[in-house]
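J.: how would this look folded up:
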Amino acid sequence: MTTSKPPASNAIIASAPDRVRAADPTAQTHRLTLDRTLQSALETLAAEVVADQGDRLQIALVVADHRSGEILASVGSSAFTDDARAGFVDMTQALRSPGSTLKPLVYGLAFDEWLAHPETLLEDRPTDFSGYRPQNYDRQYRGTIRARDALQKSLNIPVVALTEALGPARLLTALDKAGVRHEMPEGEPGLAIALGGIGVNLQDMVQLYAAIARGGVALPLCWRKVAPHEEGQRLLATTSAWFLGDILAGLAPPPGAPQNRLAYKTGTSYGHRDAWAIGYDGRHVIGVWLGRADGTPVPGVFGADLAAPVLFQAFSRLKPRLDPQPLAHPATLLVANAQLPQPLQRFRSRSAAFEATADAPAIAFPPDGAEVELLPDGLLAKVQGGTAPFTWLANGAPVALSLRDRAVMLPGLGTGFITLSVIDATGRSARATVRLR
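T.: Okay, the predicted model is just below:
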């Protein structure tokens, strides 16, 4: 899209075209990545959605090509001149609570750290996390449940348990790596982050989901025509990102929407202030936010009921059918719970999984920080202590499963830096970062 309209005079900028004109008001022409036809279609959709939803409800949408990072449409609000809806505010940039839309990232990090697998059994029971007692949205509990089902049902207890095991700071570091700007109350980050206890904006959340859709590699979204990006930062392992897409594509669509296996997640913030839906296929990612610009509650609003149907409508206006998701990476561990390594069959708490004991496993070779030459058959690795069988991982991906030998040749490793991990039969682990040449 090329725009040459005069710059917006509003103090609060309402859309990407307005933002780019305000950033350089003297330029006569701005070359943007926006698709004029799609932008117009989604502005119409936005107006249709809020027309019958009261005089204060507002909407924002962002569409991007996750392969290139180009933003194809950005609707910051509906009814620019409607003061009741605060239509002059670009809600794609407003800090709001993301509700449950951060949960996929938590699970992806847990998959990366080998804390869980989609078939790992988790507990959904009343739990006291050092004084923090989260509940599920329906105040019901499902008992023992697979990680896959816990994410699809958006349960709170399992994801908080995983966040406790990872550490809230790990989640914040991942958001930083994905380029998600965030604000939170002062003090140490708490477990409530996993349930939306943080401020983020819609465009950055679309950028996060674009990274998942791209196989775990984060790139900044852009709305100016620029040179292609350099290689992005790896946020998640390719296998972990694929697992998330497979799980989210298994969610039932809203009533009346096509059964097309769109990978998506909804979210509702505390007090029903924000309704979210973000989804992706093999090419595009779309994010939808609905709520009131002033942050007041919208009684009874849920992301699944309000935002998810809009997400599916937006995809239908983007293209007639979805692009297929990529096939699973060869290293993806596609097995049932009973075939998982014993430590992965049931989630263990952080203290149980990582607490060092006298007989805990340790990587005897190669030592941490060493530079090692690859042999023709691979890398020789040795473990001391611990209980057999042992599972070996390289950069979070399994390379040797259920071995009783303490010395093993690990094939298929390339040169460069690698994090080598070993997990014993009781779930205890050790790791070493080495450079292979």
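J.: for A169, give me its contacts.
T.: P189 (Cβ atoms under 8 Å, 6 or more residues apart in numbering). C-beta: built from backbone N, CA, C; applies to glycine.
J.: skipping adjacent residues, who's closest to L333 in space?
T.: Distances taken as Cβ to Cβ, 6 or more residues apart in numbering place P398 nearest to L333, at 5.6 Å, with adjacent residues excluded.
J.: what is the burial count for the closest residue to E70 other than its chain neighbours?
T.: Distances taken as Cβ to Cβ, 6+ apart place T33 nearest to E70, at 3.9 Å, with adjacent residues excluded. For T33, the neighbour count with other Cβ atoms under 10 Å is 21.
J.: surely T33 meets L72?
T.: Yes - assessed by Cβ atoms under 8 Å, T33 is found in contact with L72 at 6.5 Å.
J.: distance from the chain centre to stretch 224-239, please.
T.: Offset of stretch 224-239 from its chain centre (Cα atoms, centre = their mean, to the nearest Å): 15 Å.
J.: got a list of contacts for it?
T.: 20, 30-33, 68-69, 108-109, 111-112, 174, 177-178, 211-212, 214-220, 222, 241, 244, 328-329, 331-333, 395-397.
J.: tell me the phi and psi of the residue nearest to E70?
T.: In terms of degrees, to the nearest 10, the main-chain angles of T33 are phi -80, psi -10.
J.: what strand or helix carries the residue nearest to L333?
T.: Using DSSP states H and E, the element containing P398 is strand 397-403.
J.: and R31, by the same measure?
T.: Assigned by DSSP H and E, R31 falls within strand 30-31.
J.: also W392?
T.: In the assignment (DSSP H and E), W392 maps to strand 390-394.
J.: quick one: strands adjacent to that strand?
T.: Sheet partners assigned to strand 390-394 using DSSP bridges are listed as strand 397-403 (antiparallel), strand 416-423 (antiparallel).
J.: possible to save those strands as a markdown table with mean neighbour count?
T.: Below are those laid out as a markdown table (neighbours: other Cβ atoms under 10 Å):
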| stretch | mean neighbour count |
| --- | --- |
| strand 397-403 | 17 |
| strand 416-423 | 18 |
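J.: got TSV for those, with distance to D138 and mean pLDDT too?
T.: As requested, these are exported to TSV (distance: least, Cβ to Cβ, whole Å; pLDDT from 0 to 100):
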stretch	distance to D138	mean pLDDT
strand 397-403	36	90
strand 416-423	35	90
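J.: could you say which one of the ones you listed comes nearest to A364?
T.: strand 416-423 (9.9 Å; Cβ to Cβ).
J.: kindly export the closest one (C-alpha atoms) in PDB.
T.: Output of strand 416-423 as PDB, limited to C-alpha atoms (Å, rounded to 0.1, in the frame of the first residue of the first chain):
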ATOM      1  CA  GLY A 416      29.100 -25.100  16.800                       C
ATOM      2  CA  PHE A 417      27.800 -24.600  20.300                       C
ATOM      3  CA  ILE A 418      25.400 -27.200  21.700                       C
ATOM      4  CA  THR A 419      23.700 -27.800  25.000                       C
ATOM      5  CA  LEU A 420      23.900 -31.400  25.900                       C
ATOM      6  CA  SER A 421      21.500 -32.800  28.600                       C
ATOM      7  CA  VAL A 422      21.000 -36.200  30.200                       C
ATOM      8  CA  ILE A 423      18.000 -37.300  32.200                       C
END
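J.: what separates that strand from the chain centre, distance-wise?
T.: Using Cα atoms, centre = their mean, the offset of strand 416-423 from its chain centre is 24 Å.
J.: was I right to think V383 contacts A364?
T.: Yes - between V383 and A364 there is a contact at 6.3 Å, judged by Cβ under 8 Å.
J.: the two: who's more crowded?
T.: Shown here are V383 and A364; by other Cβ under 10 Å, V383 has more neighbours (22 against 16).
J.: so L290 bridges to which residues?
T.: Per DSSP bridges, residues listed as beta-bridge partners of L290: I59, A275.
J.: for it, give me its contacts.
T.: Counted by Cβ under 8 Å, 6+ apart, L290 has contacts 49-50, 53, 57-60, 274-275, 298, 301, 306-307, 310.
J.: what sits against the closest residue to P104 other than its chain neighbours?
T.: Excluding the flanking residues, the one nearest P104 by Cβ to Cβ, 6+ apart is L244, at 5.0 Å. Contacts for L244 were tallied using Cβ under 8 Å, 6+ apart; they are 104, 107-108, 111, 212, 236, 263.
J.: and the furthest pair within these?
T.: F111 and A263 (15.3 Å).
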